[in-house]
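Asks: Here's a sequence, model it:
(2 chains)
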Amino acid sequence: MTNKLQSNISKGKQSTVVEDPHLITVRMIKLSTPDFFLNFPMTCEEPEPLHKIFPHSRPSTYQKVGEMAEGQCALGFSDFLIFPEETEDVYLSEEFRCYISIFNHSTQYVSKLSVKVEMRSLTQIYNLVDSTNKPLDKLAPGKHHDYLIQQEAKKPEDHSITCTVWYQKLDGETKTIKTSLNFRVSSPLSLETKIHTIKTLSLEKVFLESRIENKTNHPLFLENIKFEPSAYFEMEDLNQIKNDGNDNDDDNDNGNDNDNDDDKQKQKKQDGTFSGLSYLQKNNHRQYLFKFKPKEKFAAKSRQISNLGYLSISWRTLFGNLGHLQTREFLRDVEANQVIEVIVSKIPEKIYVEKPFEIECEIQNLSNQEMDLKMIFFKEKMKGIMISGLSSFDIGRVQPQSSVKVPLQLFPLAPGLQNITGFGISDIISGRSSGIKDLISVFVEREN
Amino acid sequence: MQQEQRKITTESALSIFFESQKPPEKLSVKKREDVPNSIDGIEILARDKNWKDMVHLTLLLSYDDLRQDLQVKLCQLIGLRQLRLIEQAAETLKKIGDLNSATFRYENYPQKYPNKKGSFVPFSLRIFAAEFPHFQNNTQSAIHNLYQIHSLCIREIVTTKTQIVKLGGILPEGRNEPETKYLNTEFSPQKDVIQKFSEIDIEETFHDIPDTLESFENSKQAIDYLSVLEKREQRVLFIIINYHIIQQNYELAIRHLHDIYLKWPKDPMLLSTLGRVFLKSGDSNSARLIFKEVEKLTSYGSLYSKMNSGFLEISNGKFSKAKDFFQEICERDPDNAVAINNLALMFLYTAKLEKAITILEDFIRKNPNQNVHEPIIYNLCRLYDLAYENPEEKREILKLVVDHYINYFNFPKKK
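Replies: The predicted structure is shown next:
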């Protein structure tokens, strides 16, 4: 009568479904990269009593590789490698390593030992080892038969590695033992993004602000953070400080023509907004800023194009283990089939609270039809800045692909950063209307 | 019914050792009753690593001469640290009191030390007291204290160099400029501390070598003292680097190591350490460049290069190639504990657990007195955990290790 034993399956812990009694045991452990041994050696100097037992010698006196680890020097960071610490954390794009040790703890041989190892997640199954076609002839008593399996952790979800071992006892009975190891893959970085669009008469500029946070329990060496723009936009990386003092808005700054590319790259790296070495400490974050301008040939259609591109981040951890993340494409809000566009063409330099001011708007007819436009203000949607005057008025007829300038009298009620918003434009001919969410943000000052 | 997973942990292995706490029969280790009741006796017990008896002896000794008393207290503190008796060490430090007080200055004893100025607190005691908060889980305070001591060392070096020049001496080669450049460096993390230090009275220095004069009679004395100061400065900086690494502040560790290397260039061990810190932090490309420089420097370089090459192969995930490099070192230098240890670990990473265990066991058996190193024991325990279910089997093997006298362990903390 078989005696079934079962242990609880819990995250990161090995669980075994066994039938009794087995001649072999199967051990599975997660095996990260080894680490360097660090100790805090005691050191003394003459004429202290223990200076001969704990001397401090400069490293150059060492003749043999490895002597420093003896604690004869105050620098305790040695070249001894040590077994990695046990950790349940597995991060995306990390090389997951598992050591499987099959041990014959009995006093008899086992034969025809075959092993199958699978890694499963919600979405995928990987066959990592399959020796069922070529089983091991014999495993002697007291001997091990081991595997080291490696697999990149591709998705942030629960995973399970299952090892099934079949073997034959001396009497010919075939036994099976199944062991599994569960773990969860999580993302080492969290990413928050904001997209800002600034529309001017001549150009539309889009800014993408990205906040990257290290969610692991160790620093990450950020090797590369690169934004790959879509085919419609030119991208400027605003995370570099230019030495020549040129304005970052200069789009065609070629720099010093005498520098070769390597020197330029080095210079850029040295003058990054995160100067020095590129470590992102645990629970720390950084903000990156990128500017986009539509390419000339797409300028006319750019306002309907939402795809800015994607971010590619690569980092390294202990012993240079490489991790890589590529985001989805960043899409900005665009109004599909937009036919009416409103842009601020004139605005005063200073705006003071409770002092009326005037702006000039250019209203563009982007369609192929003539429009008869009317502007309506919704007072309940206007917050810090109100319309001063009629809450609705006719703009008049606007020909296709042309524009009309309209002055607006406004009254700021509160200081600080305020949005000019809460109005709409409708076309009497077609019946279409367009609500303007945020025309522009202005800073309202207090007059001294 | 649950099947319990029986295994012996590293902590259990340690407790087996500490429970025994007596020197093995195979070694003739001096005991307290075998040694004189003096500082010489302390040295003998420490040489045999009989920390327990050494601490007991320090408790029995007392000297009227405060200088000697402080030296005994330092030995006591070292012994308590070796035994991991942190609370008792804290009590001892408390009894000693403020190291900067007038009690520990020569000026307070004009009849005994005429014309002598300065503090006679052993420098190692200052370092011990500065580091101590780390052992009470306050690493940041320890780092702050160490930076203060480092700043004082720098100031002392500046004043001594000034005296050398005044006495008509020539500064040692390569160090003809005062250290002010170092003080003003933009990247000096202790800039704030140095600025505060500039307000401290210049008399606040460590003239604690027993035969130090109030001022130097000649430039040779000053040059000799400068050499002592530079060793101290380097020592403190190394300790600071240890703490930065343990706190994963790799930028600071790398900057300090780099600064030291600029002062003592062409030191392959130092440069290799810098490379390893880069590797630990993840910057394997910089590590590669540094290790290339090491290759250019060393005459004994081939073994340095092999070790560094082994580490680079690990960073490439090529454990088999790393194993070959460490194997080569072992063949040329069979007593190299680091290479043996690293080779064993590479056997593990190439799925040869039994071979890994055999290598370490054979190395320990070869010379148990010399070959028992902390990381080797740690690795062996972890390998046993993986290899064996039966704890009795493991105890038998560990007994071999416990049977030989071992220094204290400082294993990495487990979650």
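
Asks: Pull the number of nearby residues for B:D65.
Replies: By other CB atoms under 10 Å in any protein chain shown, the residues close to B:D65 number 11. Any C-beta I mention is one placed from the backbone N, CA and C, and that applies to glycine too.

Asks: do the same with the one 3 residues further on
Replies: As a burial measure, B:Q68 scores 16 neighbours (other CB under 10 Å).

Asks: which SSE is it in?
Replies: Secondary structure assignment for B:Q68, by DSSP states H and E: helix B:66-82.

Asks: can you check B:N100 too?
Replies: Under the criterion of DSSP H and E, B:N100 resides outside all helices and strands.

Asks: And it, how far from chain A?
Replies: Computed as CB to the nearest CB, to the nearest Å, the B:N100 to chain A distance reads 19 Å.

Asks: looking at it, that residue is touching B:S119, isn't it?
Replies: Yes. Using CB atoms under 8 Å, B:N100 is in contact with B:S119, at 7.5 Å.

Asks: Same drill for the two, tell me which one is more crowded.
Replies: Legend: neighbour count by other CB under 10 Å for B:N100 and B:S119, higher for B:S119 (20 against 12).

Asks: tell me which helix or strand of chain A sits lowest on mean pLDDT?
Replies: strand A:5-6 (a mean of 32; mean pLDDT, DSSP states H and E).

Asks: Identify the residues contacting the nearest residue to B:I239 once chain neighbours are set aside.
Replies: Among residues not flanking B:I239 along the chain, A:A74 sits closest, at 5.1 Å (CB to CB, 6 or more residues apart in numbering or on different chains). Residues near A:A74 by CB atoms under 8 Å, 6 or more residues apart in numbering or on different chains: A:41, A:43, A:56, B:234-236, B:238-239, B:242.

Asks: ok, the residue of the stretch 101-250 of chain A found nearest chain B - contacts?
Replies: At 3.4 Å from chain B, A:F221 is the closest residue in the stretch 101-250 of chain A, using CB to the nearest CB. For A:F221, the contact set (CB under 8 Å, 6+ apart) comprises A:277-279, A:315-317, B:281-283.

Asks: Which of the residues you listed sits closest to A:K138?
Replies: A:T317 (40.9 Å; CB to CB).

Asks: So what's the residue count around the nearest residue to B:I86 once chain neighbours are set aside?
Replies: Of all residues not flanking B:I86 in the chain, B:F135 sits nearest, at 5.0 Å (CB to CB, 6+ apart). For B:F135, the tally of surrounding residues (other CB under 10 Å) stands at 17.

Asks: is it true that B:F135 touches B:Q82?
Replies: No. Applying CB under 8 Å as the test, B:F135 and B:Q82 come out as separate, 12.0 Å apart.

Asks: Please name the nearest non-neighbouring residue to A:G384.
Replies: Nearest one to A:G384, counting by CB to CB, 6+ apart, is A:Q418 at 3.5 Å.

Asks: need the strands for the stretch 251-400 of chain B, in chain order.
Replies: Under the criterion DSSP state E, counting those that start in this stretch, the stretch 251-400 of chain B carries no strands.

Asks: What score does the spatially most central residue of chain B have for pLDDT?
Replies: The residue lying closest to the centre of chain B (CA atoms, centre = their mean) is B:I239, at 7.0 Å. Looking at B:I239, its pLDDT is 92.

Asks: same question, B:I202
Replies: pLDDT, B:I202: 35.

Asks: Show me which residues of the helix or strand where the residue of the stretch 101-250 of chain A closest to chain B lies are buried.
Replies: Element membership of A:F221, judged by DSSP H and E, is strand A:220-229. Within strand A:220-229, the residues that qualify as buried are A:220-223, A:225, A:227, A:229, counting by 16 or more other CB atoms under 10 Å in any protein chain shown.

Asks: Ok, stretch A:39-54 next?
Replies: Buried residues in stretch A:39-54, counting neighbours by 16+ other CB under 10 Å, are found at A:39-45, A:48-51, A:53-54.

Asks: The residue lying closest to B:D283 once chain neighbours are set aside and B:Y250: what is the separation?
Replies: Among residues not flanking B:D283 along the chain, A:F221 sits closest, at 5.1 Å (CB to CB, 6+ apart). Distance, A:F221 to B:Y250, by CB to CB, to the nearest Å: 8 Å.

Asks: tell me which element A:T33 falls in.
Replies: Using DSSP H and E, A:T33 falls outside every helix and strand.

Asks: Packing partners of whatever helix or strand comes next after the strand holding A:F221?
Replies: Next helix or strand after strand A:220-229 toward the C-terminus (DSSP H and E): strand A:233-237. Using 3 or more CB pairs under 8 Å, 6 or more residues apart in numbering or on different chains; DSSP states H and E, the elements in contact with strand A:233-237 are strand A:220-229, strand A:285-294, strand A:307-317.

Asks: hey, C-alpha coordinates of the last one in CSV?
Replies: Backbone C-alpha positions of strand A:307-317 (Å, rounded to 0.1, in the frame of the first residue of the first chain) are rendered in CSV as follows:
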residue,chain,number,x,y,z
ASN,A,307,2.6,57.3,-32.3
LEU,A,308,5.7,58.9,-30.8
GLY,A,309,7.9,55.8,-30.6
TYR,A,310,9.1,53.6,-27.8
LEU,A,311,11.7,53.6,-25.0
SER,A,312,14.5,51.1,-24.8
ILE,A,313,16.2,50.6,-21.5
SER,A,314,19.1,48.4,-20.8
TRP,A,315,20.8,47.9,-17.4
ARG,A,316,23.3,45.6,-15.8
THR,A,317,23.5,44.1,-12.3
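
Asks: Run through the neighbouring helices and strands of that strand.
Replies: Applying 3+ CB pairs under 8 Å, 6+ apart, one finds that strand A:307-317 contacts strand A:189-199, strand A:204-214, strand A:220-229, strand A:233-237, strand A:321-326, strand A:330-331.

Asks: Counting by contacts, list what the shortest one packs against.
Replies: Using 3+ CB pairs under 8 Å, 6+ apart as the contact criterion, the secondary-structure elements in contact with strand A:330-331 are strand A:307-317.

Asks: Neighbours of the residue of the stretch 201-350 of chain A found nearest chain B, how many?
Replies: Among the residues of the stretch 201-350 of chain A, A:G320 lies closest to chain B, at 2.7 Å counting by CB to the nearest CB. Neighbours of A:G320 under the rule other CB under 10 Å: 26.
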